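Participant: task: produce atomic coordinates for the following.
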Amino acid sequence: QVLCVLYPLLLGYDVLFQDVDVVWVNKARDPLEFFQNDSSNMTHFDVIFQHDGSNSIRYSPYSANSGFFYARANKRTQYLFTSLLLHSDLILTWNSQQQVLVQLLAEH
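Facilitator: I've put the predicted structure just below:
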């Protein structure tokens with residue numbers, strides 16, 4: 001999953017990532033319009049995550065859900081996802097990409 005996001009970012013493409021269990025309600029609209037609209041506040045963020053929805057201490061202080069996010073291709077996101085790849089041993093140990101990602105967000 002990390003490489004599926006990192007490779008396009010390194011090639012200069014923004015990435016909209018979602019797990020297979022995410023369903024779009026309005027299929028007639030292009031979801032990228034929301035994230036790429038220059039008149040929106042959304043263009044000021046490097047990565048936009050879905051809120052995890054749980055108040056679990058496991059992901060504190062952030063609640064970023066790694067199953068749905070939009071990442072802009074820039075040096076900061078490339079560094080974040082390269083760091084995530086380099087922490088793949090923790091992903092395997094904890095059986096959670098999300099936990100490692102939230103840890104990196106807290107550190108950065």
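
Participant: give me the contact list for the longest strand along the chain.
Facilitator: If you go by DSSP state E, the chain has its longest strand at strand 64-71. The contact list for strand 64-71 (Cβ atoms under 8 Å, 6 or more residues apart in numbering) reads 1, 5, 9, 14-19, 21-22, 35, 46-53, 77, 80-81, 97-98, 101-102, 105. Placement of C-beta: from N, CA and C, glycine included.

Participant: direction included, what does it pair against?
Facilitator: strand 15-18 (antiparallel), strand 47-51 (antiparallel) (DSSP bridges).

Participant: just send the ones you listed back as CSV, with mean pLDDT, mean neighbour count and distance to residue 65 too.
Facilitator: Output for those, formatted as CSV (pLDDT from 0 to 100; neighbours: other Cβ atoms under 10 Å; distance: least, Cβ to Cβ, whole Å):
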stretch, mean pLDDT, mean neighbour count, distance to residue 65
strand 15-18, 94, 16, 10
strand 47-51, 86, 16, 4
